[in-house]
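**Q** Give the three-dimensional model of this entry:
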Amino acid sequence: MLSDRERSQFSLIEQSLLAADPLFVSRCSALGRRLRRGVPVRRSARSMHAAGAIPTVLLAGGLVLLVVGGAAAAVPIVVTGILMAMAALGLALTTPQRTRPDTA
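**A** Numbering: from 1, shown residues only. Model prediction:
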C-alpha cells in the first residue's frame, strides 16, 4: 500500500504525464482495459529465425565478438561486433519473413 504522501506524488506524476502526452496516456489506458478484459494483445510476428539463417548467424557472430572483445578489452573487436549485430538486425527487418511449416 502507498502512503498518503506517495499517493499524492503519484497523482502529481499522473497529472503532469496527462498534460505532457495525452496520446501516450490514452494508448496505455486502452492497453490496460484490453488486458483487464482478457483480450489478447497483437504482437509482431517478426523474429530472427523467420528472417533466415544469414541474419541469425550474423547476430550470433556479432554477439560473440562483443563478448570476446569485451573480455580482451579490444575496442576494434567490440566495434566490429556491434556493426555485425546492427547489420544482422537491419537485414532481418528488411528481408521478407518466411512462414514456418508448423505455423502455416
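**Q** C-terminal to the worst-scoring helix or strand of the chain on mean pLDDT, what's the next element?
**A** The helix or strand with the lowest mean pLDDT-type score in the chain, counting by mean pLDDT, DSSP states H and E, is helix 48-51 (a mean of 64). The first helix or strand that comes after helix 48-51 along the chain, using DSSP states H and E, is helix 53-72.
**Q** Return the distance of that next one from the chain's centre.
**A** For helix 53-72, the distance from its own C-alpha centre to the chain's C-alpha centre is 19 Å (CA atoms, centre = their mean, to the nearest Å).
**Q** would you list every one of the helices in this protein?
**A** All helices of the chain, identified by DSSP state H, fall at 4-20, 22-37, 48-51, 53-72, 75-94.
**Q** Could you identify which of these has the lowest mean pLDDT?
**A** For those, mean pLDDT drops lowest on helix 48-51, to a mean of 64.
**Q** Throw the helices of the chain into TSV and include mean neighbour count, thanks.
**A** (Glycine included, C-beta is placed from N, CA and C.) Output for the helices of the chain, formatted as TSV (neighbours: other CB atoms under 10 Å):
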stretch	mean neighbour count
helix 4-20	10
helix 22-37	10
helix 48-51	17
helix 53-72	15
helix 75-94	15
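**Q** Surely Leu59 and Ala88 touch.
**A** Yes: checked against CB atoms under 8 Å, the pair Leu59 and Ala88 is within contact range at 3.8 Å.
**Q** From Gly61, how far off is Ile54?
**A** 11 Å (CB to CB, to the nearest Å).
**Q** now do Ile77
**A** As judged by CB to CB, Ile77 and Gly61 stand 12 Å apart.
**Q** Give me the domain ranges for the protein.
**A** Domain ranges of the chain: 4-37, 48-94, per automatic domain parsing.
**Q** Between its first and last residues, how far does the shortest one reach?
**A** Spelled out, that is domain 4-37. Domain 4-37 has an end-to-end distance of 30 Å (CA to CA, to the nearest Å).
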